[in-house]
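**Student:** Sequence first, predicted model second:
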Amino acid sequence: MAYQTLYLKYRSQKFGELVGQDAIAQTLKNAVEQSRVAHAYLFSGVRGTGKTSTARILAKAINCLNLQGAEPCGVCTNCVEIGSGAAVDLIEIDAASNRGIDEIRDLRERVKYLPAVLKVKVYIIDEAHMLTTEAFNALLKTLEEPPPHVVFVLATTEPHKIPLTVASRCQRFDFRRIETGAIAARLAMIVDQEKVRVDPGSLALLARLARGSMRDGITLLDQLISQGGEELTVQKTHELLGLADPDTLVRMLASVTEGDAAQTLGQLQTFYDAGGDVRQLVRGLLGAIREAALLSVGYKDQEGLGGAPSAALEKIGRAAGRNALLNLWKGLMEMEPELRKGADARLLLEVTLLQNMSQPVPLLVTPALPAADAVGGERVIEPAMAPAESVAGPDARWDALKNRLPKPVASLLMDARLVAVRDGLVRIEFRYPAHAELMQKASNRETMLAAVRDIFGPDARLELVAADKPAEPAAGSPPARTSASIADDPLVKEAMNRFDATNVRVTPRGRG
Ligand SMILES: [Zn+2]
């Protein structure tokens, strides 16, 4: 027998087996018992909360030849036919597919005919909000004068997109997110039946990750069992799912919100070296940010948080403030489309975290030529100068440099250009300040400087500048820093030390 996913194998078959939707199950049972089943239902709720399972149970209950109270018997020919998916009178339409649109188009014709086998024809229209206006209008006409032998169930994750004309002709049920504890209990039942040993801590973790969706919880469990063999510990669960453990997330979020770039990048390196999945880390960070934000405003509901409140995250949330958390959240959310386009996940995360540090370094630090006005090696802060000598057209040395560098470092130069070479000074302009900041990481800097010296000569020096963008200080933005405070900036000092700079030029970053 072909492998059946755990989700299908353990799908609820009776109203009494539905998890976390007691009120809906009871109302539908009453309707079946009293023969007061409506002609049209609208089931709304997030994915994996039991909408389609409930629709199938309802289809069985109203067609069962041997009803047990209000529950389908599960063994009569009608129940079996519906259960196997072979019933011609149970029509499931995926409104999101092209075929779904065609099916709705001739639905008005077909509903007139009596069911071939079952007592009642049941139409389950999944993702009903995806129907076209034309399809909704066809449906509306049918709902206006429903044939007695037909029941419609519209399932949707976005009920607000269902026209009121249609929604108002349906009996509506809102499926709740399933409580974490209820998901964990169901998972425990499944591992018991499947005879695999799974740490209760792992089940609780999976239940939290499922965020109210039973389907997601069971699918995760299925994935773990197929990868992890007979015994699953919390540690192994983290490893298999590539998850960051909660302590890692707290430490990383603390570093980011404290604006500690070096520490953040170090933690990311450690996570990556341990084989962690960057996408899962992003998801974990989003969860941690959400929790920190909720806790910082005094929200402590365990159900809403998906676990016991974390004192460490509360502290981070209060210290960082809502705006900083929101910016970080937005930055991480914006990674998703880039990742789908195939961007380097790790590089993107590094850039995103640096760009959204709570106390972003508003300056790009560049070591420059010892200037004539530098008195006795004193560090001089001066405004950016015009390029010393423009490099016009393609420069073979630039390509040679990029070819010499290992890929991760060379990738930082993708949107950079060589703007000037004079007296051993190699000036590189970065389109994205975050790329320049990453280039200043100790390992990258050494690799880069070595390659520059190979190509431009042993005495070559390096200047990294941000692309010139018109400064547009927004109303209410903090006042520009003075020279003194720039020199005091710990990152400026750090960079000067790293590059052995005798004097430093500071180029304001285009965006704040
Ligand atoms: Zn039956």
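**Tutor:** Received it, and whenever you're ready, just let me know what you need. Numbering: from 1, shown residues only.
**Student:** How about the contacts made by Ala25?
**Tutor:** Residues in contact with Ala25 (CB atoms under 8 Å, 6 or more residues apart in numbering) are 15-16, 18, 54. From N, CA and C alone the C-beta is placed, and that goes for glycine too.
**Student:** for those residues, which one is nearest Arg251?
**Tutor:** Taking CB to CB as the measure, Arg251 lies nearest Leu18 of those, at 40.4 Å.
**Student:** Tell me how many other residues surround that closest one.
**Tutor:** 22 (other CB atoms under 10 Å).
**Student:** Surely it touches Gly50?
**Tutor:** Yes. Using CB atoms under 8 Å, Leu18 is in contact with Gly50, at 5.5 Å.
**Student:** related to what we said a few turns ago, mind giving me the ChimeraX command for buried ones among the contacts of Ala25?
**Tutor:** Only the buried entries of those go into this ChimeraX selection, using 16 or more other CB atoms under 10 Å:
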select :15,18,54
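**Student:** what's the most distant pair in the contacts of Ala25?
**Tutor:** Longest span within the contacts of Ala25, CB to CB: Gly16 and Thr54, 12.0 Å.
**Student:** so what's in contact with Leu18 and Gly50 at the same time?
**Tutor:** Ser12.
**Student:** quick one on the thing from earlier: mind putting the contacts of Ala25 in CSV, pLDDT and secondary structure included?
**Tutor:** Listed next are the contacts of Ala25 as CSV, based on pLDDT from 0 to 100; DSSP: H, G, I helix; E, B strand; the rest coil:
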residue, pLDDT, secondary structure
Phe15, 96, helix
Gly16, 94, helix
Leu18, 94, coil
Thr54, 97, helix
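**Student:** TSV please, covering the contacts of Ala25 and showing distance to the ion.
**Tutor:** Formatted as TSV, the contacts of Ala25 follow (distance: CB to the ion, whole Å):
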residue	distance to the ion
Phe15	13
Gly16	15
Leu18	17
Thr54	17
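**Student:** Of the contacts of Ala25, just say which sits nearest to Gly217.
**Tutor:** Using CB to CB, Leu18 comes nearest to Gly217 of the contacts of Ala25, at 14.7 Å.
**Student:** Spit out the contact partners of that closest one.
**Tutor:** By CB under 8 Å, 6+ apart, the residues touching Leu18 are 12, 24-25, 50, 53-54, 57.
**Student:** Need the worst-confidence member of those.
**Tutor:** The member of the contacts of Leu18 with the lowest pLDDT is Ser12, at 92.
**Student:** Double-check that residue against Val19; I have them as touching.
**Tutor:** Yes. Counting by CB under 8 Å, Ser12 does reach Val19; the two are 7.1 Å apart.
**Student:** Now do the shared contacts for those two.
**Tutor:** Common contacts of Ser12 and Val19 (CB under 8 Å, 6+ apart): Gly50.
**Student:** Enumerate the residues of the stretch 51-200 of the chain near the ion.
**Tutor:** 64, 72-73, 76, 79 (CB under 5 Å from the ion).
**Student:** The residues you listed: which two are farthest apart?
**Tutor:** Pro72 and Cys76 (8.1 Å).
**Student:** what about these two, which has more around it?
**Tutor:** Using other CB under 10 Å, the more surrounded residue of Pro72 and Cys76 is Pro72, with 27 against 16.
**Student:** how about that one, what does it touch?
**Tutor:** If you count contacts by CB under 8 Å, 6+ apart, then Pro72 has 13-14, 57, 60-61, 63-64, 79 around it.
**Student:** Of those residues, which belong to strands?
**Tutor:** Judged by DSSP state E, strands contain none of the contacts of Pro72.
**Student:** This structure: strands as residue ranges?
**Tutor:** Assigned by DSSP E, the strands in the chain fall at 40-44, 90-94, 121-126, 150-156, 171-174, 197-198, 231-232, 363-367, 416-422, 425-430, 461-466, 504-508.
**Student:** export the ones you listed to TSV and tack on mean neighbour count and mean pLDDT?
**Tutor:** Output for the strands of the chain, formatted as TSV (neighbours: other CB atoms under 10 Å; pLDDT from 0 to 100):
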stretch	mean neighbour count	mean pLDDT
strand 40-44	23	97
strand 90-94	19	91
strand 121-126	24	95
strand 150-156	25	96
strand 171-174	16	96
strand 197-198	18	90
strand 231-232	16	83
strand 363-367	22	42
strand 416-422	17	85
strand 425-430	22	86
strand 461-466	22	83
strand 504-508	21	44
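**Student:** Serialize these to CSV and add fields for distance to Met448.
**Tutor:** Below are the strands of the chain laid out as CSV (distance: least, CB to CB, whole Å):
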stretch, distance to Met448
strand 40-44, 55
strand 90-94, 52
strand 121-126, 54
strand 150-156, 53
strand 171-174, 57
strand 197-198, 47
strand 231-232, 44
strand 363-367, 13
strand 416-422, 11
strand 425-430, 9
strand 461-466, 7
strand 504-508, 18
